[in-house]
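Visitor: Using only what follows, build the 3D model:
(one chain, ligands or ions: 1)
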Amino acid sequence: MFDLAVIGGGPAGLTAAIYGQRYGMRTVVLAGVVGGLVADNPLIENYPGFRSITGADLSLAMQDHATSLGAEIKAENVVEVKKKGKTFTIKTESGTEVEARTLVLAHGLKRRKLGARGEDKFIGKGISYCATCDGPFFKGKPVAVVGGGNSAALAALVLGEFASHVYVIYRREKFFRMQPYYLRKIEKVDKIEPLFKEEVAEFLGKEKIEKVKLEGGRVLDVSGVFIEIGFEPELPFKTDLKLTRDEKGFLKVDAGMRTSVPGVFAAGDISTGSDYFWQVATAVGEGAIAARSAYEHLLKE
Ligand SMILES: Cc1cc2nc3c(=O)[nH]c(=O)nc-3n(C[C@H](O)[C@H](O)[C@H](O)COP(=O)(O)OP(=O)(O)OC[C@H]3O[C@@H](n4cnc5c(N)ncnc54)[C@H](O)[C@@H]3O)c2cc1C
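Guide: You can find the predicted model right below:
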């Protein structure tokens with residue numbers, strides 16, 4: 001039996017594990033991708049203490065910190081969470097069951113799908129939602145990014161390292177939602193070509209994606225398409241917990257990161273704790289608070 005189980009191994013979850021262990025709680029982290037979104041980020045330049053650090057280095061340092069204190073990390077997705085009496089039972093995709101007295105939910109957000117014709121058919125066959133993971137497969141080939149925010153900018157920059165040409169398909173007339181820092185960077189890369197006021201009508205190809213047809217009629221020859229249109233909250237496992245969510249679907253928490261279920265805390269992007277300011281710095285703060293609240297909860301029991 002663990003004192004604390006953390007679902008999610010991003011900055012929020014790993015920080016909850018660090019604080020959990022330091023409070024003397026036996027802690028386990030269950031995470032599909034250990035490191036979370038940060039692990040995919042080529043460079044982070046606003047996390048205090050590091051003028052510039054790769055996401056891989058930052059997430060490895062957080063993992064190392066958590067495990068050095070004795071936290072266990074299981075790289076598995078959680079599929080179900082149940083509560084019986086005062087015990088939470090957490091089931092993973094391999095069928096492993098873990099029992100814990102408190103729970104921190106730090107599973108982050110889900111990448112949004114575009115919903116265009118052909119999208120589902122070509123997922124994994126040229127359509128990807130992670131440029132850092134799949135970009136190197138497109139060395140010397142033309143690709144497209146769909147979206148106009150920071151995720152799209154980062155994807156275009158990563159792909160600019162490998163692809164022969166990078167179209168950025170965006171429905172608005174300029175990049176309103178992109179941080180000036182990213183905007184300046186993509187403007188300097190000649191092979192990144194923004195296509196404003198365009199939307200995807202359909203993805204076309206035989207076995208793999210070959211073309212993107214735009215609403216305006218233009219057809220682009222591409223070998224890969226990266227969909228980067230943001231994130232949405234979801235509960236990625238079955239549960240009988242009566243968790244209160246806000247109108248957008250985020251887990252409602254109080255100042256102590258307590259959810260509506262006693263013994264369950266939420267931290268990071270999935271919680272309402274940062275007023276939707278999704279950053280590493282806010283996620284780690286919430287993770288620390290959640291672990292402290294879990295500790296206080298156990299003290300009262
Ligand atoms: C393109 C981009 C650039 C960014 N740049 C910056 C930046 O420069 N600086 C900055 O501060 N922030 C940046 N961010 C934001 C930052 O990455 C997030 O705010 C932060 O990672 C949130 O941490 P988190 O722990 O809440 O969630 P995440 O990092 O999303 O981690 C979620 C964790 O939950 C796991 N998980 C999900 N479902 C399950 C499940 N069913 N079972 C088990 N585990 C599960 C995931 O595998 C992962 O380990 C950027 C984000 C994006 C998308």
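
Visitor: rest of the way, CA atoms for contacts and neighbours
Guide: Fine.

Visitor: Distance of residue 54 relative to residue 60?
Guide: From residue 54 over to residue 60 the distance is 10 Å, taken as Cα to Cα, to the nearest Å.

Visitor: let me fix that: residue 82
Guide: 30 Å.

Visitor: dump the residue contacts of residue 285.
Guide: Residue 285 makes contacts with 12, 15, as judged by Cα atoms under 8 Å, 6 or more residues apart in numbering.

Visitor: and it, which of the three is it?
Guide: helix (DSSP: H, G, I helix; E, B strand; the rest coil).

Visitor: Report the mean per-residue pLDDT for stretch 198-212.
Guide: Mean pLDDT, stretch 198-212: 96.

Visitor: And for residue 67, nearest residue in space, chain neighbours not counted?
Guide: residue 73 (7.4 Å; Cα to Cα, 6 or more residues apart in numbering).

Visitor: now residue 59
Guide: residue 35 (4.8 Å).

Visitor: my guess is that neighbour meets residue 10, correct?
Guide: Yes. Using Cα atoms under 8 Å, residue 35 is in contact with residue 10, at 4.5 Å.

Visitor: Common neighbours of the two, please.
Guide: residue 59.

Visitor: ok, residue 194 - contacts?
Guide: Contacts of residue 194 by Cα under 8 Å, 6+ apart are 167-170.

Visitor: Just the CA trace of stretch 71-89, in PDB.
Guide: Extracted in PDB, the C-alpha atoms of stretch 71-89 (Å, rounded to 0.1, in the frame of the first residue of the first chain):
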ATOM      1  CA  ALA A  71       9.700   7.500  -5.300                       C
ATOM      2  CA  GLU A  72       8.800   4.600  -7.500                       C
ATOM      3  CA  ILE A  73       8.000   5.400 -11.100                       C
ATOM      4  CA  LYS A  74       5.900   3.000 -13.300                       C
ATOM      5  CA  ALA A  75       5.800   4.000 -16.900                       C
ATOM      6  CA  GLU A  76       2.300   2.800 -17.600                       C
ATOM      7  CA  ASN A  77      -1.000   4.500 -18.400                       C
ATOM      8  CA  VAL A  78      -3.700   4.300 -15.800                       C
ATOM      9  CA  VAL A  79      -7.000   2.900 -17.100                       C
ATOM     10  CA  GLU A  80      -9.200   2.800 -14.000                       C
ATOM     11  CA  VAL A  81      -9.400   4.300 -10.500                       C
ATOM     12  CA  LYS A  82     -11.800   3.000  -7.800                       C
ATOM     13  CA  LYS A  83     -12.300   3.900  -4.200                       C
ATOM     14  CA  LYS A  84     -13.200   1.300  -1.600                       C
ATOM     15  CA  GLY A  85     -13.400   2.600   2.000                       C
ATOM     16  CA  LYS A  86     -10.400   4.800   2.400                       C
ATOM     17  CA  THR A  87      -8.300   3.000  -0.200                       C
ATOM     18  CA  PHE A  88      -7.800   3.900  -3.900                       C
ATOM     19  CA  THR A  89      -7.200   1.100  -6.300                       C
END
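
Visitor: so what's the backbone phi/psi at residue 266?
Guide: phi -130, psi 150 (degrees, to the nearest 10).

Visitor: Now do it against residue 167, distance only.
Guide: Distance from residue 266 to residue 167, by Cα to Cα: 38 Å.

Visitor: returning to that earlier point: most neighbours, which of the contacts of residue 194?
Guide: residue 168 (25 neighbours; other Cα atoms under 10 Å).

Visitor: and the residue lying closest to residue 126 once chain neighbours are set aside, how many residues sit next to it?
Guide: Nearest residue to residue 126 in three dimensions, chain neighbours excluded: residue 224, at 4.4 Å (Cα to Cα, 6+ apart). The number of residues packed around residue 224, counting by other Cα under 10 Å, is 29.

Visitor: Tell me how far residue 224 lies from residue 130.
Guide: Residue 224 is 11 Å from residue 130, by Cα to Cα.

Visitor: Which residues of the stretch 201-301 of the chain lie near the ligand?
Guide: 236-237, 268-269, 278-281, 283 (Cα under 6 Å from any ligand atom).

Visitor: Could you tell me which of those count as buried?
Guide: 268-269, 278-280, 283 (16 or more other Cα atoms under 10 Å).

Visitor: okay, among these, which ones form the most distant pair?
Guide: Greatest spacing in these, by Cα to Cα: 269 and 280 (9.1 Å).

Visitor: Pull out the buried positions in the helix or strand of the chain with the lowest mean pLDDT.
Guide: The helix or strand of the chain with the poorest confidence is helix 131-134; it has a mean of 80 (mean pLDDT, DSSP states H and E). For helix 131-134, the neighbour count (16+ other Cα under 10 Å) marks 131-132, 134 as buried.

Visitor: mind listing what the residue nearest to residue 67 touches?
Guide: Contacts of residue 73 by Cα under 8 Å, 6+ apart are 28-31, 67.
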